[in-house]
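Engineer: Kindly generate the corresponding structure for this input.
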Amino acid sequence: MRHFIISFVTALALFNITVSAEENISADEAVILPPPLEVYGELPSMRFMTLSKSGRYIAWVHSDPQIQQLRVIDLVEGKLAGGFALDDFFPIGLTFTNDKHVILSGSKVVDQKSVFRDEWDFDAALSLNLETGKIVQLLRGTSGLVPQSGMSRILGPGPTTDEVMMAAWKAGRSKMGSNMRARADADQATKDLFRVNLNTGKGKTSERGYIDTRSWETDAKGKAYAYIRYSNDRNDFSFYARKGKKWEKIFEDNEAERPRFSVQGMMPDSTDFLITTESSETNGLGIFSMGRDGQYKGPHYLKEGKEISDLIFTRNRDLLGIEYTGYRPEYKMFNAKHQNIINQITKAFPEAAVSLTSWTDGFEKVVFKIDGPNNPGSYYIFDSAKMEITFLADPRPSLPNEKIAKTEIFDYVAADGLALSGVLTWPLGKEGATNLPTIILPHGGPKSHDTLGFDWMAQYFASRGYLILQPNFRGSDGFGMALLEAGYGEWGKKMQTDLSDGLAKLVSEGHADPERVCIVGASYGGYAALAGGAFQPEIYKCIVAI
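Structural biologist: Numbers count the residues shown, from 1 in each chain. Sure, this is the predicted structure:
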């Protein structure tokens, strides 16, 4: 039996969502009708589920058709600990710095006609003090800042528990040496590092940057230990690291058409820097290390047929493990105990895709989301002290699980022999049925891929009796650079026949009715739909390009 930790969420909502029967339909008939379109298409009621540092509190963004709210629950006392309405603030991330402060990152469209033409989408970070209930915008009121976007990222903890480190553009002269070619004038902005008070929102300069500073890295005590500079005008890229009280340049490239790499922290149990970049050598995102001699080492943590999708860190940017792409995410943790916890979680949901969403630094508690057969992405929490998995919440309360169609991985081979796969969604209650009306639903990008996660459009069509195929055709990412690069130069060609080859297998197995096939897509998927009608009109009876 599932334990409902957040069972009182509905009571906190401003109103309950109900699905009423259409006019002139009897109550008995209404029972068998699938939910309407808006139930499938609405935002999940819960997003950004995040644990506090100790695991005592959990926060999320709650959405319903009328309002969005930040909500924080005390898991020990089982009561609401704080929150606020977001109004027109669009959330993009959520984090706790400790058990006292929760920070919501997001953006808002504002009128800056005095500086920019028309309106501008600015991002920012809002800090909520759970003890006082006070909300402040971080960096607001900080002296010398120029109007800018990009002020929502928290780099790490500050020197005190009431501070965090952030970077922002500040007007004024940068401290340039005589050997620097790009000398800043007094009215030119530099990207500086600030220690920001979570109770007042004001920032205090910690390090002065340059007009071409791109990023800063800070340690657990808020001290800067590295920064990157890059000039678009000169293609100059350089990486600096702190040595005692001074900075030394440990890497440079004077012919870099783009920044060479990003610094993510330090390698586990090493004094080398952890850097990431993208290349064919690493199947997309690659992890390297670099010592103070400026030499690359790696790539590290490669996995055959997989791409690295994310790095798993503590709040102090200590690397705990790696997440790999695929229909079901896979994880490599450096600590055997942490790996065992993930193994226990995935074992409990063998057919589902398990995605970690939040964790305490020692993995004492882990919040995760599952997507899979007949599940809309429900949240659970693992307590390592009790060795217990507990249900937290269903993000789509107005869509019963029995109204969610079954998804599965569909393998097939393209006409030229390339092994491909996709996501197959069966009509509700008709798993394995034959002669079904079918929709081919190619993803956008095309550098993207479909997974077993809840897809509102596929689920809506499946609820109306359609068989849905979402092919991960050549040119898709997530399955290695070979598949991605196989799509180069193949728009409207092999990328297109990859779609119809998947359909051909469904027809040969008797599941798809070849006389009732539609192709639907958005972005690149919209192009693929139009190309399907142009190049293979005999296959598709309808075309929808979004």
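Engineer: What residues does Phe479 make contact with?
Structural biologist: By Cβ atoms under 8 Å, 6 or more residues apart in numbering, the contact set of Phe479 is 305-307, 325-326, 421, 449, 472. (C-beta placed from N, C-alpha, C; glycine too.)
Engineer: Quick check: it is in a helix.
Structural biologist: No. The assignment for Phe479, made by DSSP: H, G, I helix; E, B strand; the rest coil, is coil rather than a helix.
Engineer: 446 is where my numbering starts, stick with that
Structural biologist: Fine by me, first position is 446 from now on; the one you just mentioned is Phe924.
Engineer: partners of Glu693 in the sheet?
Structural biologist: Note on Glu693: beta-bridge partners by DSSP bridges are Ala686.
Engineer: That one against Ser683, yeah?
Structural biologist: No. Glu693 lies out of contact with Ser683 (Cβ atoms under 8 Å); the separation is 10.8 Å.
Engineer: Pick out whichever of the two has more residues nearby.
Structural biologist: Using other Cβ atoms under 10 Å as the criterion, Glu693 and Ser683 rank with Ser683 on top: 19 against 10.
Engineer: for that one, phi and psi?
Structural biologist: For Ser683, the backbone dihedrals (degrees, to the nearest 10) come out as phi -150, psi 150.
Engineer: which residues touch it?
Structural biologist: Ser683 makes contacts with 673-675, 694, 696-698, as judged by Cβ under 8 Å, 6+ apart.
Engineer: Go again with 7 Å.
Structural biologist: Counting by Cβ atoms under 7 Å, 6 or more residues apart in numbering, Ser683 makes contact with 674, 694, 696-697.
Engineer: For Val554, see how far away it is.
Structural biologist: To Val554, Ser683 is 35 Å away according to Cβ to Cβ, to the nearest Å.
Engineer: Helices of the chain, residue ranges please.
Structural biologist: Along the chain, counting by DSSP state H, helices occupy 454-457, 472-476, 482-486, 781-793, 901-908, 926-930, 939-953, 969-980.
Engineer: Mind checking the pLDDT average for stretch 926-933?
Structural biologist: The pLDDT scores in stretch 926-933 average 90.
Engineer: list the buried ones in that stretch?
Structural biologist: 926, 928-929, 931-932 (16 or more other Cβ atoms under 10 Å).
Engineer: what does stretch 974-986 give?
Structural biologist: For stretch 974-986, burial by neighbour count (16+ other Cβ under 10 Å) applies to 974-977, 984-985.
Engineer: Just give me the closest of these to Thr879.
Structural biologist: Nearest to Thr879 among the buried residues of stretch 974-986: Ile984, at 18.8 Å, using Cβ to Cβ.
Engineer: picking up where we left off before, most widely separated two among the contacts of Ser683?
Structural biologist: Arg674 and Phe696 (10.8 Å).
Engineer: The helices of the chain: lowest mean pLDDT?
Structural biologist: Across those, the lowest-scoring stretch is helix 454-457, with a mean of 30.
Engineer: burial count for the closest residue to Asp556 other than its chain neighbours?
Structural biologist: Excluding the flanking residues, the one nearest Asp556 by Cβ to Cβ, 6 or more residues apart in numbering is Glu564, at 5.6 Å. With neighbours defined by other Cβ under 10 Å, the count for Glu564 comes to 11.
Engineer: Export stretch 948-960 to CSV, keeping only CA atoms.
Structural biologist: The C-alpha coordinates for stretch 948-960 follow below in CSV (Å, rounded to 0.1, in the frame of the first residue of the first chain):
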residue,chain,number,x,y,z
LEU,A,948,5.5,2.1,-39.7
ALA,A,949,6.2,-0.8,-42.2
LYS,A,950,7.1,-3.1,-39.3
LEU,A,951,3.9,-2.2,-37.5
VAL,A,952,1.9,-3.0,-40.7
SER,A,953,3.8,-6.3,-41.2
GLU,A,954,3.0,-7.3,-37.7
GLY,A,955,-0.7,-6.5,-38.3
HIS,A,956,-0.9,-3.8,-35.6
ALA,A,957,-1.2,-0.8,-37.9
ASP,A,958,-3.9,-0.3,-40.6
PRO,A,959,-2.0,1.0,-43.6
GLU,A,960,-5.1,2.7,-44.9
